[in-house]
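Visitor: Below is the sequence, then the predicted model.
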Amino acid sequence: MDPEGLQLLLPSPTLAALANSWLQEDCPSLNFAALVTGSAPAQAALWAKSPGVLAGRPFFDAIFTQLNCQVSWFLPEGSKLVPVVKVAEVRGPAHHLLLGERVALNTLARCSGIASVAATAVEVARSTGWNGHVAGTRKTTPGFRLVEKYGLLVGGAAGHRYDLGGLIMVKDNHVVAAGSVDKAVRRARQAADFALKVEVECSSLKEALQAAEAGADLVLLDNFKPEELHPTAAALKAKFPSVAVEASGGVALGNLPQFCGTHIDVISLGMLTQAAPALDFSLKLFAEGDTPVPYARRS
């Protein structure tokens, strides 16, 4: 999917509400620094100072839109960043540029970091010849899930379920509460009706076969070692070929190729959102007529 087109997934009211909440968190009372800068028109250059994938432009735009500033981009969403490179320029009242600076940089850095790791994971998986889905998980930062799920998509990974309403996931605790795999899946199947798929977390072939027999659409083989994962998935598919198999738990970039296999449809990695390092961006003001530079120089 074209990263530029992904921006259409983000409703403007949602972006505005998120941007407003982030700005209020950063400045809930008086902005004393505004008296230092004043409100005169100013301009700033956005620099990328670490390699990776650019992601998060809509959130960056939404933040500065709230502050009556204009952003001009020089690179499209999903671009591969080769530092040091000027990514955009922002124009507006000086005190507004600096009010939005850290919030916008934090969002862009986090989103781009996730997109970068996701892109690497997809590349690693594809290098094995495997054509399944590399996916994230629901292990996201509270209040920041939309940014992180969007970053996964820009990086070429699947977002998995966005929230509890996107897919009925029957996990081990659900099974304990229901009394058995069969009861848990049948209840989930009734709740899902025709609109939702049901996925069941399983820790053995026996549980996987029970889940499939009860009507699961997907089976999550959780925390299986690669040498156990593939024969289990093969045995399940032999009896229930239409059931999709997801592998998760203990998967990292270093061992990802070991989880790729003929009978595996999805590999999900919590580390794509939980362990992705933020990319390094900076926003530097420059005077009209000057050439923007990534680092401020003082004589």
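Guide: Received the coordinates, thanks. Numbering: from 1, shown residues only.
Visitor: CA atoms for contacts and neighbours, from now on please.
Guide: Fine.
Visitor: what about Ser242, is that helix, strand or coil?
Guide: coil (DSSP: H, G, I helix; E, B strand; the rest coil).
Visitor: Which stretches in the stretch 151-299 of the chain count as helices?
Guide: 172-178, 181-192, 205-214, 226-239, 256-259, 271-274 (DSSP state H, counting those that start in this stretch).
Visitor: ugh, wrong one, the stretch 1-150 of the chain
Guide: For the stretch 1-150 of the chain, the helices defined by DSSP H, counting those that start in this stretch occupy 12-26, 34-37, 57-66, 94-126, 145-154.
Visitor: Just send these back as a markdown table, with mean neighbour count too.
Guide: A markdown table is the format used below for the helices of the stretch 1-150 of the chain (neighbours: other CA atoms under 10 Å):
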| stretch | mean neighbour count |
| --- | --- |
| helix 12-26 | 16 |
| helix 34-37 | 12 |
| helix 57-66 | 22 |
| helix 94-126 | 23 |
| helix 145-154 | 26 |
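Visitor: Reformat these as TSV; add distance to Leu269.
Guide: TSV is the format used below for these (distance: least, CA to CA, whole Å):
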stretch	distance to Leu269
helix 12-26	26
helix 34-37	43
helix 57-66	24
helix 94-126	9
helix 145-154	11
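Visitor: sorry, back to before: so which of the helices of the stretch 151-299 of the chain is nearest Gly56?
Guide: Gly56 lies closest to helix 271-274 among the helices of the stretch 151-299 of the chain, at 14.3 Å (CA to CA).
Visitor: The helices of the stretch 1-150 of the chain: which one's closest to Pro241?
Guide: So among those, helix 94-126 is nearest, using CA to CA, at 22.6 Å.
Visitor: What average pLDDT does the closest one get?
Guide: Averaged over helix 94-126, pLDDT sits at 98.
Visitor: Domain parsing of the protein, as residue ranges.
Guide: 5-122+277-286, 129-274 (automatic domain parsing).
Visitor: Out of those domains, which is closest to Val293?
Guide: When the domains of the chain are compared (using CA to CA), the closest one is domain 5-122+277-286, at 7.7 Å.
Visitor: quick one on the thing from earlier: so which of the helices of the stretch 151-299 of the chain comes closest to Lys49?
Guide: Here helix 271-274 is closest among the helices of the stretch 151-299 of the chain (CA to CA), at 21.0 Å.
Visitor: most tightly surrounded among the helices of the stretch 151-299 of the chain?
Guide: helix 271-274 (a mean of 23; mean count of other CA atoms under 10 Å).
Visitor: Dump that one to PDB, keeping only the CA atoms.
Guide: The C-alpha coordinates for helix 271-274 follow below in PDB (Å, rounded to 0.1, in the frame of the first residue of the first chain):
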ATOM      1  CA  MET A 271       8.700  -5.400  19.900                       C
ATOM      2  CA  LEU A 272       7.700  -3.400  16.800                       C
ATOM      3  CA  THR A 273       5.900  -1.000  19.100                       C
ATOM      4  CA  GLN A 274       7.400  -1.700  22.500                       C
END
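Visitor: which residues are contacting it?
Guide: With contact meaning CA atoms under 8 Å, 6 or more residues apart in numbering, helix 271-274 is reached by Ile114, Val117, Ala118, Gly136, Thr137, Lys139, Thr140, Glu148, Leu152, Ala252.
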